[in-house]
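# Here is my input, please return the structure:
(3 chains)
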Amino acid sequence: MGEEFQASKPIYMQIVDKINQQIIRGDLLPGNKLPSVREMAIQTGVNPNTIQRTYSELERMEIVETRRGQGTFVTENDNLIKELKVRLQMEIIEGFFNNMKELGFSDEEMLSGLEFYIKGKREKGYD
Amino acid sequence: MRAFKGLFIKEIKLSRNWFLIGLALFILAIFAGLALKRYFNEPEILPIVSIMILVAHGLYLPAFLITSLNTEGQSQLWLHNPNSGVKLFLAKLAAGSVYFLISLLLAMFFVHWQVNLSDHGGGVTEFIEEPFPNMMLMGVAIVLSSIYLGVWVLFYWSFYHSLKRVPIARNFRWPILIGFWILLEVVSNYIQNLPFYKNLKQSGVISLDFMKSIKIEVGDSLDTGKVVEAAEISLTNGIIYAAVVILVFFIAVWLLERKVEV
Amino acid sequence: MIEFQNVTKKYGREYGLNDVTYSLEKGKIYGLLGPNGSGKSTTLKLIAGLVHPTSGQVLVNGKLANRKIANEVAYLTELDMFYQPFKIKDMIDFYATQFQDFRIDRANELLQFMKLDKEKNIKQLSKGNRGRLKLVLALAREASVLLLDEPFSGLDPMVRDSIVKGLLSYIDFDNQIVIIATHEIDEIEPLLDEVLAIQDGKIIGRHNVEELREMEGLSIIEWMKRTFKE
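Sure thing, here's the model as predicted:
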């Protein structure tokens, strides 16, 4: 059945994250229709009430909009998607930053470390 | 009606094998009779066997119901059903009766044939005077007693399974059942011997004189036994038995609905 | 709506359930979790009207639960519930005559979904297919209460998956109450709205699955480990 979920985070939020990633990657394009609540529930093996909550949350974030009688669609407002992209980027960077800080790295070490890593990756070619 | 039909068809399908086994036993008994007849060189054995088969049909319905109820167990499959206990039980009775009547008719034809055969051969087994009405009456008597016993089976089954709920009685269910049966026998004997009941019984008697003439004689009239002892039918008695059967049936249903648990 | 009001069920001196009071509302999937012999099956049988409380009462949609409640309750037992000499279609036909809310078209659809052949003899079905057929029979009904007793036990992941998908495809999540009694929680956690933990005939905890994650950062399995620790 679908996927595994982390224990510490509500399932509906984990599905929100997943859908957001799909939008940023371009797997879901602006104006694309999301599966109905039931279809999504079947795909993921998740309680329909939970999926409903996921969709409400996405709506609240204005990432999707529900058109009466037609379904739920990814927003066509590019700015909102850009904002989302930035926000997710920031979240990841924040996580990275905090982890590094906890280990006692300085800002410079962090930056040079990241540069070094990216350089190495480039030379090997991304996979 | 749809629900009852569904239950009935289910019972018919489920007990088809039972019916076939019954027929097989029937045929086996005939062959055994044939073998005995050859062995003892006694032509009267087969008609006697045929009559025994006929009489044994009195136990057909009770035996059918016991098997059917036991295969069903107190399974959720049978009892997880919104239809009334009356329907659940009646469907079993009805399906059993269909098989019972088919088997009984076959047995009656067989008896008829055997007895006629031995008559022509100048045999000593005789249904003096009208053999056919005698057989019909016997058939009716067997049907009625089989139904009567069958309904008691329903009752005892429900009773037995109701006792499961009672913690103290749980381990003594068989003795309780037997004790209950003895008690009923004693009480009914007592009632039957009351002058009041005897008078009641006399009030609607139809005498069946020709029944007295049914005799089976074996060999050189060494042994003479009457098949039907009481050659009278008491209408009042009939009504009383009918009332008893109906009452027992509804007690069985009540127990099934209220006391039997899965 | 299902209501337990001070329900006690004794088997001899043993308690099947010990003075429990709670209610369950429609539109939710409940997990009834607990070790073997904790009272899960007794709870389901009480709702199905197949056993009677020693004291207290069980109400289903406001009606006292007795055998007739089968009209509104679909009950899938952990035992096999088929007539062995039957074909699948015989079983379907039989159910259709017994339950007024049984939809033959739905049953056919479900059979296709579960890849079951109507003409197959029940005797010849594998364990997994029997599990699937049980669910077909339960889901083809438009019952307001659906009780599933250990629907996954002993079944391989493929079958479990098809059962979960079948459930999600066919339950009416606005109006039905679904109760899944199980001791194997792992795979069905995302399926549940609420869990009730039961032990020694008592409800020892009740939680909304998502709230538990939000408030305490716990999955049901972790919560169970804590709840049942002694």
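
# Domain ranges for chain A, per the record?
A:11-76, A:79-124 (automatic domain parsing).

# quick check: mean pLDDT across the shortest one?
In this case it means domain A:79-124. For domain A:79-124, mean pLDDT is 91.

# Can you tell me, leaving aside adjacent residues, what's nearest to the closest residue to chain B within chain A?
Using C-beta to the nearest C-beta, A:Asn47 is the residue of chain A that sits closest to chain B, at 26.4 Å. Heads up, the C-betas are built off the backbone N, CA and C, glycines and all. Once flanking residues are discounted, A:Asn47 sits nearest to C:Leu191: 5.4 Å by C-beta to C-beta, 6 or more residues apart in numbering or on different chains.

# count of neighbours near A:Asn98?
Residues contacting A:Asn98 under the criterion other C-beta atoms under 10 Å in any protein chain shown number 10.

# which parts of chain C sit against chain A?
Residues of chain C lying close to chain A by C-beta under 8 Å from any C-beta of the partner chain are C:27-29, C:160-161, C:164-165, C:168-169, C:173, C:187, C:189-193, C:209-210, C:213-214, C:217-219, C:221-222.

# buried subset of the residues you listed?
By neighbour count, with 16 or more other C-beta atoms under 10 Å in any protein chain shown, the residues of chain C next to chain A hold C:28-29, C:160, C:164-165, C:168, C:173, C:187, C:189-193, C:209-210, C:213, C:218-219 as buried.

# hey, where'd the helices end up in chain C?
C:40-47, C:88-98, C:104-113, C:127-139, C:157-170, C:209-216, C:220-227 (DSSP state H).

# The fourth one close to chain B?
No - for a cut-off given as C-beta under 8 Å from any C-beta, helix C:127-139 has no contacts with chain B; the smallest distance is 10.2 Å.

# Return that helix as PDB; C-alpha atoms alone will do.
What follows is helix C:127-139 as a C-alpha-only set of coordinates in PDB (Å, rounded to 0.1, in the frame of the first residue of the first chain):
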ATOM      1  CA  LYS C 127      -6.800 -18.200   1.400                       C
ATOM      2  CA  GLY C 128      -6.100 -14.800  -0.100                       C
ATOM      3  CA  ASN C 129      -9.100 -15.100  -2.400                       C
ATOM      4  CA  ARG C 130     -11.300 -16.100   0.400                       C
ATOM      5  CA  GLY C 131     -10.200 -13.000   2.200                       C
ATOM      6  CA  ARG C 132     -11.100 -11.000  -0.900                       C
ATOM      7  CA  LEU C 133     -14.400 -12.600  -1.300                       C
ATOM      8  CA  LYS C 134     -15.400 -11.900   2.300                       C
ATOM      9  CA  LEU C 135     -14.800  -8.300   1.600                       C
ATOM     10  CA  VAL C 136     -16.800  -8.400  -1.600                       C
ATOM     11  CA  LEU C 137     -19.700  -9.700   0.300                       C
ATOM     12  CA  ALA C 138     -19.400  -7.100   3.000                       C
ATOM     13  CA  LEU C 139     -18.800  -4.100   0.700                       C
END
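
# Return the list of helices and strands in contact with that helix.
With contacts defined as 3 or more C-beta pairs under 8 Å, 6 or more residues apart in numbering or on different chains; DSSP states H and E, helix C:127-139 has these neighbours: strand C:73-76, helix C:88-98, helix C:104-113, strand C:145-149, helix C:157-170.

# Give the buried residues for that helix.
Buried residues in helix C:127-139, defined by neighbour count with 16+ other C-beta under 10 Å: C:128-139.

# quick one, it and strand C:145-149 angle?
Orientation check (axes from the mean of the first three to the mean of the last three C-alpha atoms, to 10 degrees): helix C:127-139 against strand C:145-149 gives 160 degrees.

# now helix C:127-139: how far from the chain's centre is it?
Offset of helix C:127-139 from its chain centre (C-alpha atoms, centre = their mean, to the nearest Å): 13 Å.

# Spit out the contact partners of C:Lys26.
For C:Lys26, the contact set (C-beta atoms under 8 Å, 6 or more residues apart in numbering or on different chains) comprises C:1, C:144, C:174-177.

# can you name the two of those residues that are farthest apart?
Pairwise distances across the contacts of C:Lys26 (C-beta to C-beta) peak at 13.7 Å, for the pair C:Met1 and C:Asp174.

# out of the two, which sits in the busier spot?
When C:Met1 and C:Asp174 are compared for neighbours, C:Met1 comes out ahead with 13 against 8, by other C-beta under 10 Å.

# isn't that one right next to C:Tyr22, touching?
No - contact criterion C-beta atoms under 8 Å: C:Met1 and C:Tyr22 do not qualify, at 11.4 Å.

# thinking again about what came up before, which one of the helices of chain C lies nearest to B:Ala242?
Closest of the helices of chain C to B:Ala242 is helix C:88-98, at 30.2 Å (criterion: C-beta to C-beta).

# by contact count, what packs against the closest one?
Using 3+ C-beta pairs under 8 Å, 6+ apart, the elements in contact with helix C:88-98 are helix B:2-14, helix C:104-113, helix C:127-139.

# Tabulate these in CSV, adding columns for distance to C:Phe94 and mean pLDDT.
Below are the helices and strands packed on helix C:88-98 laid out as CSV (distance: least, C-beta to C-beta, whole Å; pLDDT from 0 to 100):
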stretch, distance to C:Phe94, mean pLDDT
helix B:2-14, 5, 94
helix C:104-113, 11, 94
helix C:127-139, 9, 91
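
# will you turn the ones you listed into JSON lines that also has distance to A:Glu57?
Listed next are the helices and strands packed on helix C:88-98 as JSON lines, based on distance: least, C-beta to C-beta, whole Å:
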{"stretch": "helix B:2-14", "distance to A:Glu57": "48"}
{"stretch": "helix C:104-113", "distance to A:Glu57": "30"}
{"stretch": "helix C:127-139", "distance to A:Glu57": "30"}
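
# Nearest to A:Phe105 among those would be which one?
Closest approach to A:Phe105 among the helices and strands packed on helix C:88-98 is made by helix C:127-139 (53.7 Å; C-beta to C-beta).

# out of the domains of chain A, which comes closest to C:Glu78?
Closest among the domains of chain A, using C-beta to C-beta: domain A:11-76, at 21.6 Å.

# Lowest mean pLDDT across the helices and strands packed on helix C:127-139, which one is that?
Looking at those, the weakest mean confidence is helix C:157-170, a mean of 89.

# From the chain's centroid, how far away is that helix?
Taking the mean C-alpha point of helix C:157-170 and that of its whole chain, the gap between them comes to 14 Å (C-alpha atoms, centre = their mean).

# That one to helix C:104-113, inter-axis angle?
Using the same axes, to 10 degrees: helix C:157-170 against helix C:104-113 is 150 degrees.

# How about the contacts made by the residue of chain C found nearest chain A?
Per C-beta to the nearest C-beta, the residue of chain C with the smallest distance to chain A is C:Ser219, at 3.5 Å. Shown in contact with C:Ser219 (C-beta under 8 Å, 6+ apart): A:5, A:7-8, C:189, C:212-213.

# swap in C:Ala197?
Neighbouring residues of C:Ala197 by C-beta under 8 Å, 6+ apart: C:33-34, C:203-206, C:224, C:227-228.

# same thing but 6 Å
With contacts defined as C-beta atoms under 6 Å, 6 or more residues apart in numbering or on different chains, C:Ala197 is in contact with C:33, C:204-205, C:227.

# Of those, select the buried ones using a PyMOL command.
Here is the PyMOL command that picks out the buried ones among those, judged by 16+ other C-beta under 10 Å:
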select buried, chain C and resi 33+205+227
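
# Before I go, just wanted to say thanks for your time.
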